[in-house]
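Chemist: sequence and predicted structure below; questions after.
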Amino acid sequence: MNKDAKPRVLITGGLGYIGSHCVRKLDALGYEIGIIDNKSTGNTNVLTLVDGVYYKHCDIRDGTAVIEVIRQFQPSTIIHLAGKAYVEESFRCPFEYYSHNVVGSLRLIEAAVHCGIKRFIFSSSCSVYGTTTDNPVTEITKTNPISPYAHTKLVVEDFLKYIAGTNNISVAVLRYFNVAGASDDLLTGEDHTPETHLIPLVIRSALNPSNTQIKVFGTDHITKDGTCERDYLHIEDLSEAHAKAVEYLDTKPQGGSFDIFNLGHGRPYSVTEIIRIAENITGCKVNSVPSERRQGDPGSIYSDTTRAKQTLYWAPVRSIESIIKSAYLYEKQKSH
């Protein structure tokens with residue numbers, strides 16, 4: 001690698017929804033990108049959109065294979081996105097979640113330490129805060145995970161904090177709030193199977209109400225209209241935050257460090273509000289029905305992103321209308 005080139009970044013889960021957007025963003029900024037992905041939920045579409053990406057089909061629980069990838073690609077930074085991420089599913093399949101999210105992460109971290117990696121970015125979640133009433137939540141808000149999924153994230157955070165101090169690794173933990181939307185050029189967007197996220201489901205219901213009915217999980221929460229409130233972040237803003245985190249770790253002096261950053265917009269929107277905004281944008285009625293509360297769902301949670309703004313020099317710029325409009329245009333494009 002020539003001395004003027006930007007550092008190499010290895011992204012686990014780089015074929016997934018968030019991963020593919022991070023790959024495209026960092027590639028556009030001049031980074032050399034490597035991907036580890038077992039294709040359990042991702043797809044290879046991003047490989048057709050970005051030239052020269054190093055890709056290895058690999059499960060992060062295979063420590064020997066991960067070490068081989070790191071030695072071949074020689075990254076200076078690892079962004080760890082791979083894992084299972086459905087709250088409801090984690091109650092049904094806790095062993096699977098701890099296997100992928102905890103065991104897999106430990107194998108990856110062990111391989112990183114073995115190969116001398118000194119910069120590590122971890123994809124965490126606002127779910128670690130649980131049913132907090134301390135809104136907006138800051139990075140020092142007490143954690144209280146209420147699902148197996150959330151607990152797996154906090155276990156890995158705690159392990160990374162210890163490893164950062166004992167192995168002189170600079171770690172950035174990024175706690176995502178609700179990520180949605182499509183890329184600005186509409187070439188990549190949400191394609192989960194099954195799809196459980198509110199915004200793409202609302203869009204699909206607007207486009208085809210007879211086939212997609214939206215269940216509103218709980219109408220008696222202590223919120224402005226009784227439905228759950230969430231903090232939504234555009235996928236493009238999130239990918240830019242990852243680029244800022246890479247830059248931040250790259251400029252830090254040598255030595256162990258551990259930072260946590262909330263990544264959200266800082267403003268909550270209820271399920272009812274999301275449906276109304278989607279109906280205004282699409283001009284179509286959303287087929288929604290009230291349903292029982294869902295296990296592991298806090299009534300309201302939204303972020304304080306002051307630390308990311310002051311330290312990473314990052315702030316979201318895209319509105320909830322931009323998020324929903326991009327999701328709508330992406331889904332409409334797919335349907336044609």
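Modeler: On my side now, so go ahead. Numbering: from 1, shown residues only.
Chemist: contacts made by stretch 28-43 with the rest, please.
Modeler: 1, 5-17, 19-20, 23, 26-27, 47, 50, 52-60, 66, 69, 73, 75, 82, 191-193, 243, 246 (Cβ atoms under 8 Å, 6 or more residues apart in numbering). Glycine gets a C-beta too; all of them are placed from N, C-alpha and C.
Chemist: mark which of these are buried, thanks.
Modeler: Buried subset of the contacts of stretch 28-43 (neighbour count, 16 or more other Cβ atoms under 10 Å): 7-17, 19-20, 23, 26-27, 47, 50, 53-56, 58-60, 66, 69, 73, 75, 82, 191, 243, 246.
Chemist: count of residues packed around residue 172?
Modeler: Applying other Cβ atoms under 10 Å, we find 28 residues neighbouring residue 172.
Chemist: isn't it up against residue 121?
Modeler: Yes - taking Cβ atoms under 8 Å as the definition, residue 172 is a contact partner of residue 121 at 4.8 Å.
Chemist: shared neighbours of these two, anything?
Modeler: 245, 249.
Chemist: roughly how far apart are the spatially closest residue to residue 50 that is not a sequence neighbour and residue 307?
Modeler: Nearest residue to residue 50, sequence neighbours excluded (Cβ to Cβ, 6 or more residues apart in numbering): residue 27, at 4.7 Å. From residue 27 over to residue 307 the distance is 27 Å, taken as Cβ to Cβ, to the nearest Å.
Chemist: where exactly do the strands run in this protein?
Modeler: 8-12, 32-37, 54-57, 77-80, 119-125, 170-176, 178-180, 214-217, 229-234, 257-263, 268-270, 288-291 (DSSP state E).
Chemist: possible to save these as CSV with distance to residue 140 and mean pLDDT?
Modeler: Compiled in CSV, these are given as follows (distance: least, Cβ to Cβ, whole Å; pLDDT from 0 to 100):
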stretch, distance to residue 140, mean pLDDT
strand 8-12, 28, 98
strand 32-37, 32, 98
strand 54-57, 38, 97
strand 77-80, 23, 98
strand 119-125, 15, 98
strand 170-176, 12, 98
strand 178-180, 21, 97
strand 214-217, 29, 92
strand 229-234, 17, 98
strand 257-263, 9, 98
strand 268-270, 20, 97
strand 288-291, 34, 93
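Chemist: residue 139: how many residues sit nearby?
Modeler: Neighbours of residue 139 (other Cβ under 10 Å): 17.
Chemist: please list all residues in contact with the closest residue to it other than its chain neighbours.
Modeler: Distances taken as Cβ to Cβ, 6+ apart put residue 260 closest to residue 139, at 4.5 Å, once the chain neighbours are dropped. Each residue near residue 260 by Cβ under 8 Å, 6+ apart is listed here: 124, 139, 157, 172, 173, 175, 307.
Chemist: residue 224 now?
Modeler: Counting by Cβ under 8 Å, 6+ apart, the residues that residue 224 touches are residue 270.
Chemist: got it, and the one 5 residues further on?
Modeler: Residues touching residue 229, when contacts are defined by Cβ under 8 Å, 6+ apart, comprise 221, 223, 268, 269, 270, 299, 300, 301, 302.
Chemist: can you rerun that using 6 Å?
Modeler: 223, 268, 270, 300 (Cβ atoms under 6 Å, 6 or more residues apart in numbering).
Chemist: the first one is in contact with residue 300, isn't it?
Modeler: Yes - counting by Cβ atoms under 6 Å, residue 223 does reach residue 300; the two are 5.2 Å apart.
Chemist: helices of this protein, start to end?
Modeler: 17-28, 45-49, 63-73, 87-92, 94-97, 104-114, 148-167, 198-207, 235-251, 271-282, 306-307, 320-335 (DSSP state H).
Chemist: what does the shortest one contact?
Modeler: Helix 306-307 has contacts (Cβ under 6 Å, 6+ apart) with 139, 261.
Chemist: at 8 Å what do you get?
Modeler: Contacts for helix 306-307 (Cβ under 8 Å, 6+ apart): 138, 139, 260, 261, 262.
Chemist: do the fifth one as well
Modeler: Contacts of helix 94-97 with the rest of the structure, by Cβ under 8 Å, 6+ apart, involve 84, 89, 90, 148, 149, 152.
Chemist: now do the same contact list for the nearest residue to residue 328 once chain neighbours are set aside.
Modeler: In space, and not counting its chain neighbours, residue 328 is closest to residue 203: 5.1 Å by Cβ to Cβ, 6+ apart. When contacts are counted by Cβ under 8 Å, 6+ apart, residue 203 touches 278, 282, 324, 327, 328, 331.
Chemist: same question, residue 202
Modeler: 214, 274, 275, 278, 286, 324.
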